[in-house]
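K.L.:
Provided below are the primary sequence and the corresponding predicted coordinates.
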Amino acid sequence: MSAPMKARRIKQEIPIRIGPTGKEKPRLFLVPKTRASDVIKSLREFEVETDGESVPWNVPVQDLIDAYTEPGAALRGARARDGLSQSQLATKLGIPVPNISEMENGKRPIGKKMAHRLAKIFKVHYKVFL
């Protein structure tokens, strides 16, 4: 004998989608209509006003690009995003630790082969590092 299943009352819930952030997938929340106004009110406290125009990716990090070069800033950012130290990344790549530092500081170019290896580790397109 099968037990009756509790059905969701979709009409009384409001879907709210948040994400993605980093490696996470977008998350969907079904909020009861009675609580939705409170949730929306809370979210509005953190809302950022925009003029509808997008900002190129390099504008907010221009100081890093000036200090480390564009590929170096990309490498440093990807490493920080994944929580890897220079020595951990060097171990994964099988290269000396100073090479990572030199690539980040623009003293050593990141070649195409190395860009492909980095892209595989960080799961991004290799051209990010060129």
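P.N.:
On my side now, so go ahead. Note that the coordinates shown come from a computational prediction; the quantities given were computed from them, not determined experimentally.
K.L.:
by contact count, what packs against the lowest-mean-pLDDT helix or strand in the chain?
P.N.:
Every helix and strand in the chain was compared by mean pLDDT, DSSP states H and E; the lowest is strand 13-18, with a mean of 76. Packing contacts for strand 13-18, counted by 3 or more C-beta pairs under 8 Å, 6 or more residues apart in numbering; DSSP states H and E, involve strand 27-32, helix 33-44. Backbone N, C-alpha and C define where each C-beta goes, glycine included.
K.L.:
let me have the ones you listed in JSON lines, extended by distance to Asp66 and mean pLDDT.
P.N.:
Putting those into JSON lines (distance: least, C-beta to C-beta, whole Å; pLDDT from 0 to 100) gives the following:
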{"stretch": "strand 27-32", "distance to Asp66": "36", "mean pLDDT": "80"}
{"stretch": "helix 33-44", "distance to Asp66": "35", "mean pLDDT": "79"}
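K.L.:
residue ranges of the helices in this protein, please?
P.N.:
Chain-ordered helices for the chain, with DSSP state H as the definition, fall at 33-44, 62-68, 70-81, 86-93, 97-104, 112-122.
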